[in-house]
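> sequence and predicted structure, then a few things I'm wondering about:
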Amino acid sequence: MSLAGSLMLGLLLAWGLGGTVWLLTTRRYRVTQVPRFAMDLLGFPVELAQRLFGRGGVPYALLLPNMLIFGLFTFAPMILNFYVSFTGGSSIILFERPWVGLSKYVDIFACESYLVPKTCSNAGYNFFTGLYNTLWFVGIQVPIMCAVALITALVVNRDIKGRGFWRAMFFYPVMLSPVVIANIWNWVLHRKGVLNAGLDEMTGALNALAGLSGFDMVMTVLLAIVLMVVTERALRAGAEPSTAWTALFALILALLTAWANPLSLLDLSGSLWLGLALGAGLVWLVAAGHRSARIAIMVAAALAALMLLSIQFSTVFDMGRYRPNNWLVTPNTGWPFFWLVFVFCWSHMGFYMLILLAGLQAIPRDLYEAAKMDATRPLRAFTRITLPLVMPTLTVVIVLSLIRSFQIFDEVYLLTGGGPGRETYMIVQNIYEVAFTNSQPDYGQAAAGSVLMAVIIAVFTFFQLWLTRRQSEL
């Protein structure tokens, strides 16, 4: 029998025999009271805890086994890891590792410039490269994750058809193993994967359409109809234009501006940014309830129609022969990092959506009914009611996603392996490789890196909590 089995058997025997002796010496039972004796034996630990610690100490006594296990498998490894960071050698046995003090930390910080990892020692180069990539990943991924999770929670919190189905679908990726997720997206993104095959088919179809007679006119008419429908929907909402339809119109306006490229007449670039600025200004006018919002939409619709007539669709859609792209290994394109952020958000968003959904459902419905009676706009109700009341839950989501983002490893290691080059090389991968994949494992160096990572996470977490608490007190 294994050690765990022996311990479990000993515990059960101590419970049964000790409880039987204690119950028979403290009270009397008749033969007909065997069921009562069995129930008393089952509750024997609680009754014994009440006798030893009093009624107020029973909860702590019941938590003691869990705290012992938690301390054994959480706090003890943390303390041992901190000690290992001050030791050297290659032995995994703690007492055979020589004390080297701060030398492992000195190796990491041996740099001419901490902002340029190439000026560091080998240990510092790997650590700071992983750290800067991780900070860049966290800075992009956490806002996107929280924003998408909040928007999704707002949508599935509404009374829509198939609400339970959509909640389950958004949460489903959370239940998958990171290995399964990485293999799925490897299948999609590799050179002969699903994405390249789909883009190749789409390009062929668009080129075939571009070769048809009258394709320019047909596409112009179709997009004009889309513009008319969106503009009509944006203006039909009574005295106040619709913010949602205006946002859709602004997106179409930005795309049309990028395609028409009006700044090329002045030998300037940046038509996409011009379109985004025009669209953002239009949405701001509508959301703020400005008096000129309706006129601005009409003027923007006229500009969109003019740009639509200036676009040569045969040129826009004639893409030539599509060449498959190595999405995960092509350097200096940004695609490996983009897909890493996308896959991570796709696989974890459902968990944070569920937390935010619980926070949204805790908001009293009376507040929304009162706001509706006062004719409050949806955007104002969101900023004045929903966002302040869901902020404590959103703070929890931000902190959890921040910690999880710093700990990213599985998806990176299986999708890109830290490449191409060092573009997606993260700090946890550095710790793993230093400790387990090098020809001469350096557990002390890996432990020092993990301690520094824990300090960085703690600083970010405490700063976020302080900032949120300060905002709530204002």
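Arrived safely. Numbers count the residues shown, from 1 in each chain.
> which parts of the stretch 101-250 of the chain are helices?
For the stretch 101-250 of the chain, the helices defined by DSSP state H, counting those that start in this stretch occupy 103-108, 122-156, 163-171, 178-189, 194-210, 215-235, 243-260.
> can you put the ones you listed in TSV and add mean neighbour count, mean pLDDT and distance to Leu68?
Backbone N, C-alpha and C define where each C-beta goes, glycine included. Written out in TSV, the entries for these read as follows (neighbours: other Cβ atoms under 10 Å; pLDDT from 0 to 100; distance: least, Cβ to Cβ, whole Å):
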stretch	mean neighbour count	mean pLDDT	distance to Leu68
helix 103-108	18	94	31
helix 122-156	19	93	34
helix 163-171	14	89	33
helix 178-189	17	91	30
helix 194-210	14	73	50
helix 215-235	16	67	63
helix 243-260	20	81	54
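> tell me which of those helices sits nearest to Ser271.
Each of the helices of the stretch 101-250 of the chain was checked against Ser271 via Cβ to Cβ, and the shortest separation belongs to helix 243-260, namely 5.3 Å.
> who touches that closest one?
Outside of helix 243-260, the residues within contact range by Cβ atoms under 8 Å, 6 or more residues apart in numbering are 226-227, 230-231, 233-234, 237, 271-272, 274-276, 278-280, 282-283, 286-287, 293, 297, 300-301, 303-304, 307-308, 310-311, 316, 377-379.
> in helices, which of those residues fall?
Residues of the contacts of helix 243-260 located in helices (DSSP state H): 226-227, 230-231, 233-234, 271-272, 274-276, 278-280, 282-283, 286-287, 293, 297, 300-301, 303-304, 307-308, 310, 316, 378-379.
> any of those residues buried? List them.
Buried positions within those, assessed by neighbour count (16 or more other Cβ atoms under 10 Å), are 227, 230-231, 233-234, 271, 274-276, 278-279, 282-283, 286-287, 293, 297, 300-301, 303-304, 307-308.
> follow-up on the earlier one: nearest to Phe53, out of the helices of the stretch 101-250 of the chain?
For the helices of the stretch 101-250 of the chain, distance to Phe53 was read as Cβ to Cβ. The smallest value, 41.2 Å, belongs to helix 163-171.
> identify each buried residue in the helix or strand containing Pro59, please.
In the assignment (DSSP states H and E), Pro59 maps to helix 58-70. For helix 58-70, a neighbour-count test (16+ other Cβ under 10 Å) marks Val58, Ala61 as buried.
> need the mean per-residue confidence for it.
Computed over helix 58-70, the mean pLDDT rounds to 80.
> which helices and strands does that helix pack with?
Taking 3 or more Cβ pairs under 8 Å, 6 or more residues apart in numbering; DSSP states H and E as the contact definition, the neighbouring helices and strands of helix 58-70 are helix 44-53.
> so what does the helix it packs on touch, helix or strand wise?
In terms of contact count using 3+ Cβ pairs under 8 Å, 6+ apart, helix 44-53 is assigned the packing partners helix 3-26, helix 58-70.
> of all those helices, which one is nearest Arg422?
Taking Cβ to Cβ, helix 58-70 is the member of those nearest to Arg422, at 36.8 Å.
> between the closest one and helix 44-53, how many degrees?
For helix 58-70 and helix 44-53, the angle between their directions (axes from the mean of the first three to the mean of the last three Cα atoms, to 10 degrees) works out to 110 degrees.
> got the buried residues for stretch 389-398?
For stretch 389-398, by 16+ other Cβ under 10 Å, it's Leu389, Val390, Thr393, Leu394, Thr395, Val396, Val397, Ile398.
> stretch 403-423 too?
Quick answer for stretch 403-423 (16+ other Cβ under 10 Å): 404-406, 408, 410-416, 418, 420, 422-423.
> widest-spaced pair of the residues you listed?
If you compare every pair in the buried residues of stretch 403-423 using Cβ to Cβ, the most distant one turns out to be Arg404 and Pro420, at 24.6 Å.
> residues contacting the closest residue in space to Thr231 that isn't next to it in sequence?
Ranked by Cβ to Cβ, 6 or more residues apart in numbering and with sequence neighbours excluded, the top spatial neighbour of Thr231 is Ala301, at 4.6 Å. Under the criterion of Cβ under 8 Å, 6+ apart, the contact list for Ala301 reads Leu227, Thr231, Phe249.
> next helix or strand past the one helix or strand Pro388 maps to?
Assigned by DSSP H and E, Pro388 belongs to helix 387-406. For helix 387-406, the following helix or strand on the C-terminal side (DSSP H and E) is helix 410-415.
> any idea how far that following helix is from the chain center?
15 Å (Cα atoms, centre = their mean, to the nearest Å).
> just checking, what packs against that helix?
Helices and strands touching helix 410-415, by 3+ Cβ pairs under 8 Å, 6+ apart, are helix 178-189, helix 335-361, helix 427-432.
> between those, which one is closest to Pro143.
Judged by Cβ to Cβ, the one of those that comes nearest to Pro143 is helix 335-361, at 10.5 Å.
> next, the buried residues of the closest one.
Going by neighbour count (16+ other Cβ under 10 Å), the buried part of helix 335-361 is 335-337, 339-341, 343-357, 359-360.
> next, the angle helix 163-171 makes with it.
Using the same axes, to 10 degrees: helix 335-361 against helix 163-171 is 140 degrees.
> show me the contact partners of stretch 170-182.
152, 156, 343, 346-351, 353-354, 410-411, 414-415.
> switch the cut-off to 10 Å
Applying Cβ atoms under 10 Å, 6 or more residues apart in numbering, the set of residues contacting stretch 170-182 from outside is 148-149, 152-153, 155-156, 168, 183-184, 343-354, 357, 408-416.
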